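**Student:** below are the sequence and a predicted model; questions follow.
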Amino acid sequence: MAARVAAGAGGGGALPRLDDLMPWSVRPLRSGRPWVTAPDAASLRARWDLLAGSEGAEQERLFEPSRFRTPLKAAAALPGRSTGTSAFARDPGPYPEPVRILHGPFDEQWMIPDQRLLDAARPELWRVADGRQLFAVEHGYLPQDTGPALSATALLPDGHSPAGRPGRIRPLYRRPGGQEPNLAPGLSALLASRYGTSVTAECVLAWTLAAARPSPTGPLVPLPAEGDLWAEGVELGRELLRTQSRGARGGERPRLPGGRRPYVRATIPPLPDGMGYDAAGEALLLGEGRVSPVPAEAWDFRVNGVRVLDLWFERRTARGGVEGLAALGPRGWTPERTSDLLELITVLALLGGARPRQEALRDRLERSAVLSRDRLHAAGVLPVPVSARRPASVLDHREEGPEGQFALL
């Protein structure tokens with residue numbers, strides 16, 4: 001029988017964790033140096049050119065070496081990338097075209113995809129990142145945090161957390177091309193038999209986005225005993241997934257209804273001296289600049305207690321204490337930055353607007369029977385085999401190792 005599990009204190013331990021449902025996870029990327037990522041691609045090219053054109057002690061200073069990476073250390077090319085593999089100081093190689101990444105929650109930036117520059121690039125993530133892949137990104141846990149437990153993206157995420165301990169990154173598929181769902185063996189079949197409908201990996205991800213809640217052991221994912229509640233949650237989760245993936249995989253970019261779309265009402269100055277919010281006018285203030293309408297739920301959207309819009313603005317305007325290559329960036333506010341801001345406002349407004357439906361779903365789950373971890377154990381879904389927690393091998397995939405050597409994985 002399905003267990004009725006209290007969602008309050010004492011009951012949460014019996015709920016499945018995301019780690020039970022999507023067992024393969026990867027730790028966040030660790031760049032080791034801030035200059036390898038930037039909100040704009042042009043800054044990365046300028047930084048690369050300066051570094052590649054320097055020598056000796058000056059190159060080492062600009063590089064910002066660590067015990068993992070120095071200009072004198074060779075490294076393998078990242079999967080799917082053609083970059084130099086010799087020591088950077090000896091042969092930088094051609095400039096690798098930057099890739100779009102998700103730098104922490106909801107912040108799309110660019111990265112130089114060269115493993116010689118990254119302390120921990122997590123090549124197992126790059127190996128499965130393609131046009132079919134989606135990633136679930138845990139936001140870590142902070143007591144009293146009311147923000148989302150996780151987000152999803154079609155971009156390669158770095159897993160950065162604005163506060164607290166970073167969570168894990170969980171690819172939806174274990175192999176390229178959308179092959180081998182990263183789900184506990186037997187989970188889809190069990191849920192399909194319960195709900196009387198097909199349950200795909202994307203269904204599980206959608207449900208998780210709608211229903212998961214944070215906990216010290218990672219996101220908890222209550223699974224309803226009945227199909228009606230499941231169908232409602234999956235529909236809501238698909239809406240959240242479309243918003244967060246921002247038009248990836250052939251979808252449409254997120255848009256608010258006519259009359260609610262944000263526009264620049266007063267020109268944003270080249271160097272806005274701060275960001276604020278006019279609640280009465282639903283306006284975002286950037287120095288003398290003004291963007292509206294910006295609903296309150298977008299302005300106050302937080303992850304790990306940190307306001308997302310504040311963090312986005314700070315990353316693009318802070319200059320104090322920024323040195324070396326990281327200081328190379330646009331001298332003023334760019335049109336691309338405005339476009340990125342308007343889209344971020346749209347994403348946060350849509351996600352914030354869906355929160356009442358998420359809260360209603362969770363309230364219903366509180367009063368409904370759910371499938372406990374014991375039930376999953378009894379069905380043979382848990383414990384998950386050790387092999388499901390490891391990356392899948394790619395036996396026919398050649399990758400270039402350090403100094404041009406090839407490896408068979």
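**Tutor:** Thanks, I have the structure now.
**Student:** contacts and neighbour counts: CA atoms only from here.
**Tutor:** Will do.
**Student:** now the phi/psi pair for the residue nearest the centre of the chain, please.
**Tutor:** By CA atoms, centre = their mean, the mean C-alpha position of the chain lies nearest to Pro157, the distance being 4.3 Å. The phi/psi pair for Pro157 (degrees, to the nearest 10) reads phi -90, psi 150.
**Student:** who's it bridged to?
**Tutor:** Leu102 (DSSP bridges).
**Student:** now do the contacts for it.
**Tutor:** For Pro157, the contact set (CA atoms under 8 Å, 6 or more residues apart in numbering) comprises Pro28, Ile101, Leu102, His103, Gly104, Phe135, Val137, Ile169.
**Student:** also Gly218?
**Tutor:** Taking CA under 8 Å, 6+ apart, we find Gly218 in contact with Arg17, Leu18, Asp19, Glu138, Gly140, Tyr141, Gly167.
**Student:** redo that, cut-off 10 Å
**Tutor:** Residues near Gly218 by CA atoms under 10 Å, 6 or more residues apart in numbering: Arg17, Leu18, Asp19, Glu138, His139, Gly140, Tyr141, Ala149, Leu150, Gly167, Arg168, Ala212.
**Student:** relative to Val322, which of the contacts of Pro157 is nearest.
**Tutor:** His103 (18.0 Å; CA to CA).
**Student:** find me the pLDDT at the closest one, would you?
**Tutor:** According to the prediction, His103 has pLDDT 96.
**Student:** excluding chain neighbours, what is closest to it?
**Tutor:** Among residues not flanking His103 along the chain, Asp158 sits closest, at 5.6 Å (CA to CA, 6 or more residues apart in numbering).
**Student:** isn't that neighbour right next to Phe106, touching?
**Tutor:** No: counting by CA atoms under 10 Å, Asp158 does not reach Phe106; the two are 11.3 Å apart.
**Student:** looking at those two, which is more packed in?
**Tutor:** More crowded of Asp158 and Phe106, by other CA atoms under 10 Å: Asp158, with 23 against 20.
**Student:** the more buried one: what's it in contact with?
**Tutor:** Neighbour list for Asp158: 27-31, 101-105, 111, 121-122, 125, 137, 168-169 [criterion: CA under 10 Å, 6+ apart].
**Student:** one more time with 8 Å
**Tutor:** Here Asp158 is in contact with Pro28, Leu29, Arg30, Ile101, Leu102, His103, Gly104 (CA under 8 Å, 6+ apart).
**Student:** of these, select the buried ones using a PyMOL command.
**Tutor:** In PyMOL, a selection of the buried entries from the contacts of Asp158 looks like this (16 or more other CA atoms under 10 Å):
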select buried, resi 28+29+101+102+103+104
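**Student:** distance to Leu350 for the contacts of Asp158 - can I get that in a markdown table?
**Tutor:** Output for these, formatted as a markdown table (distance: CA to CA, whole Å):
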| residue | distance to Leu350 |
| --- | --- |
| Pro28 | 27 |
| Leu29 | 28 |
| Arg30 | 30 |
| Ile101 | 21 |
| Leu102 | 18 |
| His103 | 20 |
| Gly104 | 19 |
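**Student:** show me which of the contacts of Asp158 is closest to Leu187.
**Tutor:** Looking across the contacts of Asp158 and measuring by CA to CA, the closest to Leu187 is Pro28, at 25.9 Å.
**Student:** ok, that closest one - contacts?
**Tutor:** Pro28 is in contact with Arg122, Pro157, Asp158, Gly159, His160, Pro166, Gly167, Arg168, Ile169, counting by CA under 8 Å, 6+ apart.
**Student:** same thing but at 10 Å, please
**Tutor:** Neighbours of Pro28 in contact, by CA under 10 Å, 6+ apart: 104, 120-122, 125, 137-138, 157-161, 166-169.
**Student:** compare these and tell me which is most surrounded.
**Tutor:** Top of these by neighbour count (other CA under 10 Å): Pro157, with 30 neighbours.
**Student:** distance between the helix or strand where Thr208 lies and the chain's centre?
**Tutor:** Here Thr208 is covered by helix 201-211, with elements defined by DSSP states H and E. Centroid separation for helix 201-211 versus its chain: 15 Å, with CA atoms, centre = their mean, to the nearest Å.
**Student:** check which helices and strands it sits against.
**Tutor:** Packing contacts for helix 201-211, counted by 3 or more CA pairs under 10 Å, 6 or more residues apart in numbering; DSSP states H and E, involve helix 18-21, strand 135-138, strand 150-153, strand 179-181, helix 187-195, strand 223-224, helix 227-245, helix 335-366.
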